[in-house]
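J.: Pasting a predicted model and its sequence here:
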Amino acid sequence: MSLMLEEIRQQPAVLDRTLRRELKPIEKLKRRLEKERPRLIILVARGTSDNAAQFGRYLLEICTGIPVSLSAPSIFTLYGATLDFREVLVVAISQSGESTDTNLVLERARERGALTCGITNEPDSTLSRLAEHVFLVHAGKERSLAATKTYTGQLLMLYLAAYALGALVNLDDLRRLPAWAEAALRVEKEITGAAIRYRFMDHTVVVGRGLNYSNALEFALKLMETCYVVAERFSSADFLHGPIAIVESAFPVFLFTPGGVTWQPMRQMLDRLREMGADTMLITDRANPEAARVGSRRLCLPVKITHDSPLPAEVYTPIPYIIPAQLLAASLAAEKGLNPDRPRSLTKVTRTL
């Protein structure tokens, strides 16, 4: 069994541990933000952490009404620009806490008046020393180069960040996430069988929308780095603006399809893909029974992911939805005879400027 697969299976425990241990520090940040509400939030990250930041952008703007920007580190590292960070909350996200450009942005922002937070798995990292408020993903050592449990831990911390900013994020709903993640793991046997079908796949497209757009980015990244598949990733809206032309008969397309406001545009796109003869695989759950009747194939989580709040219906789907995708990448790597723990040309910590 690969380390990647072992760490995918650890995620329910990681989520539970992270939530229990970080509630007290997040309450401290919440009290400060009640007095110093930011006019702007900037998220800074690279790689898998940047995909988590994409989720954070959607979540925070939807739930708090505060504009959110994703930082372009080259503005600082290559162009030496000077920005005004007064009344700005800057959140740096890094699994290792040693991403050189991420840390430089955080350092410059703090010098220029920002309130700074760090989300990392490493308490003794450079990021932990630079940020005023540090929040830990309690994932333990991640030994596989392919990040899995740290990604979902980062998503959880972004829910808590939204809570600290006054969003109607229900802590009891967050406490259900480990159980939903456990339910997602129950489709592993089905996924192992599905991976056989894609053994010779070398190109694909992954599509998400809204809160699950980040999962499209992350699943595609996992397919590229562990299976050496050229995986393009799009929101469904962007996909229709030209890239859909690459689809032909039997072309594989993977889609994240929760219920809620994103379902109807995704359904319309599925109708077009079916007309084009595409091979579609849907990741969904029992709260969207219509998704179980469309698409060539589907991975349906054996649970309804629902909540009682004014937040979007699909708001809590991203963590459980990425788990079948991670399992599929790990299983496909095994089918291809590849080691997902040691992808060629990669190292666990990447330092760029």
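T.: Yep, that arrived. Because the structure is a prediction, the values reported are computed rather than measured.
J.: Looks like Leu328 contacts Ala194 (just checking).
T.: Yes: counting by CB atoms under 8 Å, Ala194 is a contact partner of Leu328 at 6.7 Å. No exception for glycine: its C-beta is placed from N, CA and C like everyone else's.
J.: the strands in the protein, which residues?
T.: Using DSSP state E, the strands of the chain run over 40-44, 68-70, 88-94, 115-120, 133-136, 203-208, 230-235, 252-256, 279-285, 297-301.
J.: tell me the mean pLDDT over the fifth one?
T.: Translated: strand 133-136. Across strand 133-136, pLDDT averages out at 98.
J.: Tell me the neighbouring strands of it, and mark each as parallel or antiparallel.
T.: Take DSSP bridges as the rule and strand 133-136 pairs in its sheet with strand 115-120 (parallel).
J.: Report the separation between the residue nearest to the spatial centre of the chain and Pro73.
T.: Nearest to the mean C-alpha position of the chain, by CA atoms, centre = their mean, lies Ala52 at 4.0 Å. The spacing between Ala52 and Pro73, counted by CB to CB, to the nearest Å, is 16 Å.
J.: count of residues packed around Lys336?
T.: For Lys336, the neighbour count with other CB atoms under 10 Å is 18.
J.: quick one: contacts for it?
T.: Arg199, Cys227, Tyr228 (CB atoms under 8 Å, 6 or more residues apart in numbering).
J.: cool, Ala161 as well?
T.: Ile26, Leu29, Gly56, Leu60, Val91, Cys117, Ile119, Phe135 are the contacts of Ala161 under CB under 8 Å, 6+ apart.
J.: what about Ala333, neighbour count?
T.: Neighbours of Ala333 using other CB under 10 Å come to 26.
J.: ok now do it, which residues does it touch?
T.: Ser2, Met4, Thr226, Cys227, Asn339, Pro340.
J.: Gly97 too?
T.: Asn103, Gly118, Thr120, Asn121, Glu122, Ser125, Thr126, Leu127, Ser128.
J.: can I have stretch 285-302 written out in CSV, keeping just the CAs?
T.: Output in CSV follows, covering the C-alpha atoms of stretch 285-302 (Å, rounded to 0.1, in the frame of the first residue of the first chain):
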residue,chain,number,x,y,z
ASP,A,285,-23.6,12.5,-2.9
ARG,A,286,-27.1,11.4,-2.1
ALA,A,287,-28.3,14.9,-1.5
ASN,A,288,-28.3,15.3,-5.3
PRO,A,289,-30.2,12.2,-6.6
GLU,A,290,-30.6,13.6,-10.1
ALA,A,291,-26.8,13.4,-10.5
ALA,A,292,-27.1,9.6,-10.0
ARG,A,293,-29.2,9.4,-13.2
VAL,A,294,-26.9,11.3,-15.6
GLY,A,295,-23.3,10.9,-16.7
SER,A,296,-21.6,7.8,-18.1
ARG,A,297,-20.4,6.9,-14.6
ARG,A,298,-20.6,8.2,-11.1
LEU,A,299,-19.0,8.0,-7.6
CYS,A,300,-21.8,8.7,-5.2
LEU,A,301,-20.9,9.1,-1.5
PRO,A,302,-23.2,6.9,0.6
